[in-house]
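K.L.:
Could you work out the structure for the sequence below:
(2 chains)
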Amino acid sequence: MASPTPIPLPETALAITGLTVAYGSVPAVATVSARFPKGSMTAVIGPNGAGKSTLLKAALGLIPALTGEVRAFGQPVPRAMPRIAYVPQRAAVDWDFPARVIDVVQMGLYRQTGLLGRLTPALRARAADCLDRLGMAGFATRQIGALSGGQQQRVFLARALAQDADLVILDEPFAGVDAATESAIIAVLHGLRAQGRTVIAVHHDLSTVPAYFDRVLLLNRHVIAEGPTAATFRRATVAEAYGNQLLTAIPA
Amino acid sequence: MTGSEFVPFTLPPLVIATLAAIACAAPGNFLLLRRQAMLGDAMAHVVLPGLVAAFLLTGSAAPPVMLGGALAAAAFSAGLIELIRRATGADPGAAMGVTFTAMFAAGVLLLETSGAAAVHLDVEHALYGNLEGLIWIEAAGWSSLTDPAALASLPPELPLLAAIAAGILLLLALLWRPLAIATFDEGFAATMGIPTRTLSAALTGLTALAAVAAFSAVGSILTIAMLVCPPATARLLTDSLPRQLALSILVAALSAILGTLIAGYLPLALGLSFTVSAAGTIAALSGLFLGLAATLSPRRHPAQRGA
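P.N.:
As a prediction, the model looks like this:
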């Protein structure tokens, strides 16, 4: 009798177990556990102050966690970090910084160039290509302070593309961007998913969740629900996360 | 102005002021972009109690002793700022403001009540430095620049500042890429494996070193001016970080050279019977350059905001 072939579980890109983060004595997120399968695209949703950004930052080790374990691709996060790209909120940086668009994209190549490393022609071409994938090829030498919000967001995503990461974590990539930018970004993110890469994004616009994301993590300091969009993104669960507001846009 | 007069009396203060200006202006670029310009202010002020305490403890005013005392005071104040922030929840600017004014005032009191004032230090010295006092007494003229015996009697501040300025520029060059990335986007930098906390501490250390080395020669006013004004001027003239650093060094050197010459010669040339402080003139010039850049720079664009 043939030995039963084990059904392979989808490999996990990011696994968060029992993560608690507090600012002072107030817990921002409490004992959060969540799994993000490889090749999935997950929306992290929840009301303001739900701890969405905090969860992602703590998972990446950018802010200290009180308890919990986070593993990426089966390894501790610091070791897996070269396979992870992080796109902070656009408002987190000062865009008046003296740099051109291409300078920012080339920051994504830091691991290839190192402390003193010069950019080879191949790396320069890679940075230019990443910019082009977001329709920003004509802006390479533009001062970043002169960009619109949507253009800044595209530059940030181009920098993440330059990292060639298997897991891309974005904090509110669609906040305050124009419709053209939103569709350009979502096309790139769906392209990444099609290549088997994993995308996690803090998202605010509930109406676009089913169209953009195949998985949802509903958060309000603790996990309300987690799973495939079709099963998880339901009026009852969303209402639980957001408080009982009228949510006619959500399937019952 | 002849060599026999210029070389011993004007050249050393001019070179020392230039080196001090460059040592401060270079790290000042990053402080400015990190909105930490106040840190330079704090460092320049806390040097005073460090100098006085080091003098009282050792009885020596030799440059290495002074440097050690001032660095210890800078480290102590960095710790105190952090303590105040955590204990009271005050914002960093307020914590720095409290720390450096209190420590500077304590330094003044210590200076006045101890014997230190009579020997080497006084309050005016702390504010304006002692540029005019840094003369090269053995120098006979331009030929002394190639005379080893005469060179040995250069004011000790000169080689010390030269070494520190060179060290600061070298370290900034080595740390350039990680420092630039961490200054622009600290969270992203951390995910790229850049040790952001260590870099931040290194920048504080470099600033302290520059401020301490500059302080005893040029005083706190010029130290603060050179940490802030040349980088702020350069920022108005370019949108490139490497060019900003280069321009800030140029503005710093230009302020120092012109300021020393103006202070030394202009009042006499105008037939006035007094001289003015070189440090004060340099600081005022650097402020003037900033004003000119703000008024005339064609590159300044109002950043477009919104989608």
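K.L.:
what about A:Asp166, distance to A:Gly39?
P.N.:
Going from A:Asp166 to A:Gly39 by C-beta to C-beta, to the nearest Å gives 10 Å. Placement of C-beta: from N, CA and C, glycine included.
K.L.:
list residues touching both of those two?
P.N.:
Residues within reach of A:Asp166 and of A:Gly39 at once, by C-beta atoms under 8 Å, 6 or more residues apart in numbering or on different chains, are A:13, A:197-198.
K.L.:
Just give me the neighbour total for the nearest residue to A:Tyr212 once chain neighbours are set aside.
P.N.:
Counting by C-beta to C-beta, 6 or more residues apart in numbering or on different chains, A:Tyr212 lies nearest to A:Ile186, which is 5.7 Å off, once chain neighbours are set aside. Neighbourhood size, A:Ile186 [other C-beta atoms under 10 Å in any protein chain shown]: 18.
K.L.:
With A:Ala22 instead?
P.N.:
Counted with other C-beta under 10 Å, the neighbours of A:Ala22 add up to 15.
K.L.:
Can you tell me the strand partners of the host helix or strand of it and which way each runs?
P.N.:
Element membership for A:Ala22, per DSSP states H and E: strand A:12-23. Within its sheet, strand A:12-23 is paired with strand A:26-37 (antiparallel), strand A:67-72 (antiparallel), according to DSSP bridges.
K.L.:
Pull the CA coordinates from that strand and hand them back as CSV.
P.N.:
Extracted in CSV, the C-alpha atoms of strand A:12-23 (Å, rounded to 0.1, in the frame of the first residue of the first chain):
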residue,chain,number,x,y,z
THR,A,12,3.3,30.8,4.9
ALA,A,13,4.9,34.1,3.9
LEU,A,14,4.3,35.7,7.3
ALA,A,15,3.0,34.1,10.5
ILE,A,16,2.2,36.3,13.5
THR,A,17,1.6,34.5,16.8
GLY,A,18,0.3,36.2,19.9
LEU,A,19,1.7,39.7,19.1
THR,A,20,1.0,42.4,21.7
VAL,A,21,2.2,46.0,21.4
ALA,A,22,1.6,48.8,23.9
TYR,A,23,2.2,52.5,23.8
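K.L.:
By residue count, what's the longest helix in the chain?
P.N.:
In the absence of a named chain, chain A is used. The single longest helix within chain A, with elements called by DSSP state H, is helix A:179-194.
K.L.:
I was thinking of chain B, sorry if that wasn't clear
P.N.:
Per DSSP H, chain B has its longest helix at helix B:196-237.
K.L.:
Run the contact check for it versus chain A.
P.N.:
Yes - judged by C-beta under 8 Å from any C-beta of the partner chain, helix B:196-237 comes into contact with chain A at B:Arg235.
K.L.:
ranges for the helices of the chain?
P.N.:
I went with chain A, as the question did not name one. Counting by DSSP H, the helices of chain A are A:52-59, A:77-80, A:101-107, A:110-113, A:121-133, A:149-162, A:179-194, A:209-212, A:229-232, A:235-242.
K.L.:
Chain B is the one I meant
P.N.:
Along chain B, the stretches classed as helices by DSSP H are B:3-9, B:11-33, B:37-58, B:63-88, B:92-113, B:116-119, B:123-128, B:148-151, B:157-174, B:176-184, B:186-191, B:196-237, B:241-269, B:278-296.
K.L.:
By mean pLDDT, show me the worst of these.
P.N.:
Sorting these by mean pLDDT places helix B:116-119 lowest, at a mean of 58.
K.L.:
Return the residues of the stretch 1-150 of chain A in contact with chain B.
P.N.:
With C-beta under 8 Å from any C-beta as the criterion, the stretch 1-150 of chain A comes near chain B at residues A:57, A:60-62, A:81-82, A:84-88, A:92-100, A:104, A:107, A:110-111, A:113, A:115-116, A:143, A:145-150.
K.L.:
still on that earlier bit, can you redo the shared contacts of A:Asp166 and A:Gly39 as JSON lines with neighbour count, distance to B:Leu261 and pLDDT?
P.N.:
As requested, these are arranged in JSON lines below (neighbours: other C-beta atoms under 10 Å in any protein chain shown; distance: C-beta to C-beta, whole Å; pLDDT from 0 to 100):
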{"residue": "A:Ala13", "neighbour count": "28", "distance to B:Leu261": "65", "pLDDT": "95"}
{"residue": "A:Arg197", "neighbour count": "21", "distance to B:Leu261": "62", "pLDDT": "96"}
{"residue": "A:Thr198", "neighbour count": "27", "distance to B:Leu261": "64", "pLDDT": "97"}
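K.L.:
out of these, which one sits closest to B:Val65?
P.N.:
Among the shared contacts of A:Asp166 and A:Gly39, A:Ala13 lies closest to B:Val65 (C-beta to C-beta), at 57.3 Å.
K.L.:
can the strands paired with strand A:12-23 go into CSV with extra columns for mean pLDDT and mean neighbour count?
P.N.:
Written out in CSV, the entries for those read as follows (pLDDT from 0 to 100; neighbours: other C-beta atoms under 10 Å in any protein chain shown):
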stretch, mean pLDDT, mean neighbour count
strand A:26-37, 92, 18
strand A:67-72, 94, 18
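K.L.:
and of the ones you listed, who's closest to B:Leu109?
P.N.:
Evaluated over the strands paired with strand A:12-23, closeness to B:Leu109 peaks at strand A:26-37, with 41.7 Å, by C-beta to C-beta.
K.L.:
Name the residues that touch that closest one?
P.N.:
Outside strand A:26-37, the residues that touch it by C-beta under 8 Å, 6+ apart are A:10-22, A:42, A:51, A:54-55, A:58, A:67-68, A:167, A:198, A:200, A:215, A:217, A:219, A:221-223, A:226.
K.L.:
what does chain B put close to chain A?
P.N.:
Counting by C-beta under 8 Å from any C-beta, chain B comes close to chain A at B:33, B:35, B:174-175, B:177-178, B:180-181, B:183-185, B:187-188, B:190-194, B:235, B:238-241, B:243-244, B:301, B:303-307.
K.L.:
of those, buried ones?
P.N.:
Neighbour counting with 16 or more other C-beta atoms under 10 Å in any protein chain shown marks B:33, B:175, B:177-178, B:180-181, B:183-185, B:187-188, B:190-192, B:194, B:235, B:238-239, B:241, B:244 as buried within the residues of chain B next to chain A.
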